[in-house]
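Peer 1: no FASTA, just this:
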Ligand SMILES: *Cc1c(COP(=O)(O)O)cnc(C)c1O
C-alpha cells in the first residue's frame with residue numbers, strides 16, 4: 001500500500017526517553033515516565049487520579065472490578081463498539097445489554113437507555129466514537145436517578161471535550177487507549193481515570209496484582225501481600241517513555257490531525273450536498289480530536305466497491321465494527337434491547353479513510369480524488 005490507513009505517531013524524542021530508562025536501569029512499571037504520563041492526564045482532564053495501564057482493555061477490566069460487577073448484573077452499552085468494551089464485563093459474569101446508536105454520531109442513543117434498565121442493571125458504558133462525546137448530561141442524569149455507575153469508554157477520546165469537560169473525566173470511571181492506532185501511543189497501553197478519590201486506593205491495589213506493593217514501596221507497610229483480586233495491569237516505563245514524547249506535543253499532534261480532518265471534510269462537502277455520501281456530525285457541545293475521518297456510503301455493496309477501488313489504487317481504508325450482538329460471543333453473553341434500527345445498517349456503510357499524525361496533504365488529496373473517481377463525481 002502506498003497510503004496506509006495508520007502510521008503510529010512518532011515525534012523524535014521517543015528514543016532519548018527510552019534510552020534514559022535503559023541507562024538508569026529502571027525499565028519496570030511506575031517509574032519516572034509513568035508518573036509524568038499520569039500527571040499529564042490528571043492536569044489535562046482534572047481527574048483526581050490517572051493510572052497508566054497496559055491497555056484500554058485492561059483499564060476497562062479494572063473499572064469492572066472496582067464497580068463490583070458480578071454474575072447476573074446487567075451493563076448497558078452500544079453494540080457498535082470494540083470487543084473490549086463488552087469483554088471486560090463479560091469476564092466478571094455480567095450480562096451485556098445493548099441499545100441502539102444514534103445515526104448522526106454513531107454514539108449510544110441516550111433516549112433508548114432508560115427502557116433497557118431493570119433491577120439488575122449496574123452500569124452504563126457510553127463509548128465516545130471517533131472522539132466525539134456522547135450526550136453525557138442525559139446519561140449522567142439517568143445514572144443518578146437509577147443509582148448506576150457510568151464507565152466512559154474514551155479509548156478514542158483523548159483531548160476531546162463535552163461542554164468543556166474532558167471525555168473520560170465525566171463518569172465515575174474513564175478509560176483511555178494508547179494503542180498504536182490511537183492519537184497518542186505507547187505501542188500497547190491505556191489509562192484508567194478516576195474522577196474522585198473513592199476508588200483510588202483499590203485501583204492501585206488491583207493494578208499491582210491485587211497487592212499493596214505500592215504502599216510497601218512508599219514505606220507505609222513493611223511487607224506486601226495479597227489484598228484482593230487484581231492482575232498485572234502496570235506497563236513498562238519504556239512504553240510510558242514513548243508516550244510521554246507525544247503527550248508533550250499533544251497540542252501540535254491534535255492541530256495536525258484536525259487540519260487533515262477539516263481538509264477531508266471541506267473536500268467532500270460538495271459530494272455530501274449532492275447526497276452521494278454522508279459526512280460525520282459533531283454536536284455543538286462537543287470538541288473532537290480528529291481521531292478518525294469517515295464517510296458513509298449508500299449501503300454495504302457500495303462500500304465494498306469503494307474499498308476494492310481504493311485498495312487497487314494503493315490506498316488502505318478501514319471498516320468496523322461488526323456489531324457485537326451478532327458476533328459468536330455476543331450471542332452467548334449479550335442481548336439487544338429495543339429495536340436495532342441503526343446499529344447494523346449504519347455500521348455496514350461506514351468507511352474510515354487514512355488519518356494519522358503528519359499525513360501528507362498530497363496523499364490526503366489523492367484519497368479524496370480516488371473516492372470522487374469511484375463515484376464518478378467531478
Ligand atoms: C481501541 C479501543 C479499545 C481498546 O483499546 P486497547 O488499548 O487496544 O485495549 C476499546 N474501546 C474502543 C472504543 C477502542 O477504540
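Peer 2: Good, I have the coordinates. Bear in mind that the values here come from a model prediction, so they are computed numbers and not experimental data.
Peer 1: and stretch 314-324, what's buried?
Peer 2: Buried positions in stretch 314-324, judged by neighbour count with 16 or more other C-beta atoms under 10 Å: 315, 316, 317, 318, 319, 321, 323, 324. In this view, the C-beta of every residue, glycine as well, is placed from N, C-alpha and C.
Peer 1: pLDDT and secondary structure added to those, as CSV?
Peer 2: What follows is those, written out as CSV (pLDDT from 0 to 100; DSSP: H, G, I helix; E, B strand; the rest coil):
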residue, pLDDT, secondary structure
315, 98, strand
316, 98, coil
317, 97, coil
318, 97, strand
319, 95, coil
321, 94, coil
323, 97, coil
324, 98, helix
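Peer 1: determine which two of those residues are furthest apart.
Peer 2: 315 and 324 (28.2 Å; C-beta to C-beta).
Peer 1: which one in the protein is furthest away from the centre?
Peer 2: Distance to the chain centre peaks in the chain at residue 222, reaching 38.6 Å (criterion: C-alpha atoms, centre = their mean).
Peer 1: distance-wise, check that residue relative to residue 211.
Peer 2: Distance of residue 222 to residue 211, computed by C-beta to C-beta, to the nearest Å: 14 Å.
Peer 1: can you pull the contacts of residue 39?
Peer 2: Contacts here follow C-beta atoms under 8 Å, 6 or more residues apart in numbering; on that basis residue 39 touches residue 50.
Peer 1: then residue 298?
Peer 2: residue 349.
Peer 1: how is it assigned, secondary-structure-wise?
Peer 2: Using DSSP: H, G, I helix; E, B strand; the rest coil, the three-state assignment for residue 298 comes out as coil.
Peer 1: and it, what pLDDT?
Peer 2: According to the prediction, residue 298 has pLDDT 98.
Peer 1: cool, the one 4 residues further on as well?
Peer 2: The predicted local confidence for residue 302 comes out at a pLDDT of 98.
Peer 1: just to check, residue 319 is in contact with residue 352?
Peer 2: Yes: using C-beta atoms under 8 Å, residue 319 is in contact with residue 352, at 6.8 Å.
Peer 1: run through the stretch 51-200 of the chain and note the low-pLDDT ranges.
Peer 2: The model of the stretch 51-200 of the chain has no residue with pLDDT under 70.
Peer 1: residue 340: how many residues sit nearby?
Peer 2: By other C-beta atoms under 10 Å, 18 other residues sit near residue 340.
Peer 1: quick check: closest non-adjacent residue to it.
Peer 2: Nearest non-adjacent residue to residue 340, counting by C-beta to C-beta, 6 or more residues apart in numbering: residue 100, 6.1 Å away.
Peer 1: same check, this time on residue 239
Peer 2: Counting by C-beta to C-beta, 6+ apart, residue 239 lies nearest to residue 186, which is 4.1 Å off, once chain neighbours are set aside.
Peer 1: got it, and residue 30?
Peer 2: Counting by C-beta to C-beta, 6+ apart, residue 30 lies nearest to residue 234, which is 6.3 Å off, once chain neighbours are set aside.
Peer 1: ok, residue 274 next?
Peer 2: Using C-beta to C-beta, 6+ apart and skipping the chain neighbours, the partner closest in space to residue 274 is residue 377 (7.3 Å).
Peer 1: any idea where the helices of the stretch 1-150 of the chain begin and end?
Peer 2: Under the criterion DSSP state H, counting those that start in this stretch, helices of the stretch 1-150 of the chain are mapped to 14-23, 32-45, 56-66, 83-90, 136-146.
Peer 1: just name the most buried of these.
Peer 2: Stretch with highest mean neighbour count among those: helix 56-66 (a mean of 26; mean count of other C-beta atoms under 10 Å).
Peer 1: by contact count, what packs against it?
Peer 2: Counting contacts by 3 or more C-beta pairs under 8 Å, 6 or more residues apart in numbering; DSSP states H and E, helix 56-66 is packed against strand 49-53, helix 83-90, strand 149-153, strand 173-177, strand 190-194, helix 200-207.
Peer 1: tell me which of those lies nearest to residue 285.
Peer 2: Of all the helices and strands packed on helix 56-66, it is strand 149-153 that lies closest to residue 285, at 15.5 Å by C-beta to C-beta.
Peer 1: tell me which other helices or strands that closest one touches.
Peer 2: Applying 3+ C-beta pairs under 8 Å, 6+ apart, we find strand 149-153 packed against helix 56-66, strand 121-124, helix 136-146, strand 173-177.
Peer 1: list the contacts of residue 299.
Peer 2: The contact partners of residue 299, by C-beta under 8 Å, 6+ apart, come to 348, 349.
Peer 1: could you check how far it is from the ligand?
Peer 2: Using C-beta to the nearest ligand atom, to the nearest Å, we find residue 299 at a distance of 24 Å from the ligand.
Peer 1: and residue 86, what is it in contact with?
Peer 2: Contacts of residue 86 by C-beta under 8 Å, 6+ apart are 77, 96, 324, 330, 333, 334.
Peer 1: show me which of those are buried.
Peer 2: Buried positions within those, assessed by neighbour count (16+ other C-beta under 10 Å), are 77, 96, 324, 330, 333, 334.
Peer 1: so what's the residue count around the residue nearest to residue 30?
Peer 2: For residue 234, the count of nearby residues is 22 (other C-beta under 10 Å).
Peer 1: that older thread, the residue nearest to residue 274 touches residue 276, doesn't it?
Peer 2: Yes: using C-beta under 8 Å, residue 377 is in contact with residue 276, at 6.2 Å.
Peer 1: comparing these two, which residue is more hemmed in?
Peer 2: Taking residue 377 and residue 276 together and counting by other C-beta under 10 Å, residue 276 has the greater number of neighbours (18 against 13).
Peer 1: would you confirm that that one contacts residue 375?
Peer 2: Yes: between residue 276 and residue 375 a contact is recorded at 5.3 Å, counting by C-beta under 8 Å.
Peer 1: spit out the residues that contact the two alike.
Peer 2: Counting by C-beta under 8 Å, 6+ apart, no residue touches both residue 276 and residue 375.
Peer 1: ok, which stretches of the stretch 201-350 of the chain are strands?
Peer 2: 286-287, 293-296, 334-336, 350-353 (DSSP state E, counting those that start in this stretch).
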